[in-house]
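Student: structure of the sequence below:
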Amino acid sequence: MTPPAADAVRLTAWVHGRVQGVGFRWWTRARALELGLTGSAANKPDGRVEVIAEGPREACEALVALLRGATAPGRVTLVVDRFDPARGGLDGFLER
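Tutor: You can find the predicted model right below:
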C-alpha cells in the first residue's frame with residue numbers, strides 16, 4: 001500500500017447520465033492517469049459510475065472538470081463530488 005502524500009485528497013464522484021456501455025470508465029482511467037491520480041471507476045447497479053481518485057487537490061479538481069466537460073463519452077447529466085482527506089492504499093487506476 002502506498003501512503004498518501006501530505007497534500008493529497010480523496011475525490012469521490014458519482015457520475016449520472018448515459019455513462020455505462022460507452023467507454024466512460026476507460027476514458028476516466030486514461031484522464032486520471034494523465035493527471036497522476038490513483039483510484040478506480042466502477043459501474044453501479046443504478047446506472048451511475050462511481051469515480052474514486054487520490055492525488056493533489058488540483059489534479060482531482062481537474063478530473064472533476066473533465067467529468068463534467070463536453071469531451072466525456074456518453075451523456076453526463078450530473079456529477080456529485082466530495083473531497084475528503086486521502087487514505088492511501090491505492091495503486092494505479094482500475095476499471096471495475
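
Student: low-scoring stretches of this structure, by residue?
Tutor: Scanning the chain for pLDDT under 70 picks out 1-6.

Student: which residue ranges of it form helices?
Tutor: Along the chain, counting by DSSP state H, helices occupy 24-34, 57-68.

Student: which of these sits closest to L90?
Tutor: Nearest of the helices of the chain to L90, taken as C-beta to C-beta: helix 24-34 at 10.6 Å. (Glycine included, C-beta is placed from N, CA and C.)

Student: picking that back up, I'd like the helices of the chain as JSON lines, with mean neighbour count and distance to L78 appended.
Tutor: JSON lines is the format used below for these (neighbours: other C-beta atoms under 10 Å; distance: least, C-beta to C-beta, whole Å):
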{"stretch": "helix 24-34", "mean neighbour count": "19", "distance to L78": "14"}
{"stretch": "helix 57-68", "mean neighbour count": "17", "distance to L78": "9"}
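
Student: save those as a markdown table, and put in distance to F93 too.
Tutor: Shown next, in a markdown table, are the helices of the chain (distance: least, C-beta to C-beta, whole Å):
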| stretch | distance to F93 |
| --- | --- |
| helix 24-34 | 5 |
| helix 57-68 | 10 |
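
Student: V15 is nearest to which of the ones you listed?
Tutor: That would be helix 57-68 among the helices of the chain, by C-beta to C-beta, at 5.7 Å.

Student: for that closest one, which helices and strands make contact with it?
Tutor: With contacts taken as 3 or more C-beta pairs under 8 Å, 6 or more residues apart in numbering; DSSP states H and E, helix 57-68 sits against strand 8-18, helix 24-34, strand 49-56, strand 75-85.

Student: report the buried residues of the shortest one.
Tutor: Spelled out, that is strand 49-56. For strand 49-56, the buried set under the neighbour-count rule, 16 or more other C-beta atoms under 10 Å, comprises V49, V51, I52, A53, E54, G55, P56.
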